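K.L.:
My questions are about this predicted structure, shown below with the sequence.
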Amino acid sequence: MTLSPRLVHTAGLDPSELRAVRALLDAAFDGDFSDEDFEHGLGGMHALVQDGAGLAAHGSVVMRRVRHRGRWLRTGYVEAVAVRADVRRTGLGGRVMAGLERVIDRAYDLGALSASDEGALLYAARGWQRWPGQVHALSPDGIVRLPDEEGGVHLRPALAGPLDPAGELVFDWRDGDVT
């Protein structure tokens, strides 16, 4: 098993690798990973860990814009993090995140992700901080609050430094889940 993830842009993945990523995500999320969810993880950098049985772990970071206190921040948004069931709890998720965090720290003002309760434990252990403030999106109809997303957004300040929780986060719009 490769200890360090292979970092590659979506454009560098061949169709069979993309199919393997999709299959891993479908299995890891028990079939609850939509086409929109998959598309959200494309167009950026991928961290892939292979072992003798194939793709063991994956995550990606894509470019998004998040407004805070009137400033739009170039944000590395983590998507599609999954570890194959037979190798969970062996450190592969942490290796994937380490690769993605290197990209975020060098290329973005801010890192962000939306975490499940289970996933939040991994991210918190790596220093990601739960955003305590309001979450909004710039929708086709203007700025809308996303109260259901509040409490699930986690940040890695990177180049932007700490953010003021009294100020809202406004995410750029996208189809499917906005955060």
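P.N.:
Everything's here; your move. Residues are numbered from 1 along each chain as shown.

K.L.:
switch to C-alpha atoms for all contacts and neighbour counts from now on
P.N.:
Fine.

K.L.:
Does anything pack onto the longest helix seen in the chain? Which helices or strands?
P.N.:
Looking across the chain with DSSP state H, the single longest helix is helix 92-107. With contacts defined as 3 or more CA pairs under 8 Å, 6 or more residues apart in numbering; DSSP states H and E, helix 92-107 has these neighbours: strand 45-51, strand 54-68, strand 71-83, strand 110-114.

K.L.:
Using TSV, lay out those together with mean neighbour count and distance to residue 31.
P.N.:
Below are those laid out as TSV (neighbours: other CA atoms under 10 Å; distance: least, CA to CA, whole Å):
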stretch	mean neighbour count	distance to residue 31
strand 45-51	22	20
strand 54-68	22	16
strand 71-83	23	13
strand 110-114	24	19
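
K.L.:
Residue ranges in this structure under the pLDDT threshold?
P.N.:
1-3 (pLDDT under 70).

K.L.:
Quick check: the gap between the residue positioned nearest the centre of it and residue 87.
P.N.:
For the chain, the residue nearest the mean C-alpha position is residue 78 (1.5 Å; CA atoms, centre = their mean). Taking CA to CA, to the nearest Å as the measure, residue 78 falls 21 Å from residue 87.

K.L.:
Which positions in stretch 141-159 come out as buried?
P.N.:
145, 149, 150, 151, 152, 153, 154, 155, 156, 157, 158, 159 (16 or more other CA atoms under 10 Å).

K.L.:
hang on, I meant stretch 133-142
P.N.:
In stretch 133-142, counting by 16+ other CA under 10 Å, buried: 134, 135, 136, 137, 138, 139.

K.L.:
What is the burial count for the nearest residue to the second one once chain neighbours are set aside?
P.N.:
Think residue 135. Distance criterion CA to CA, 6 or more residues apart in numbering; nearest residue to residue 135, sequence neighbours excluded, is residue 169 at 5.0 Å. Counted with other CA atoms under 10 Å, residues neighbouring residue 169 total 23.

K.L.:
With residue 179 instead?
P.N.:
22.
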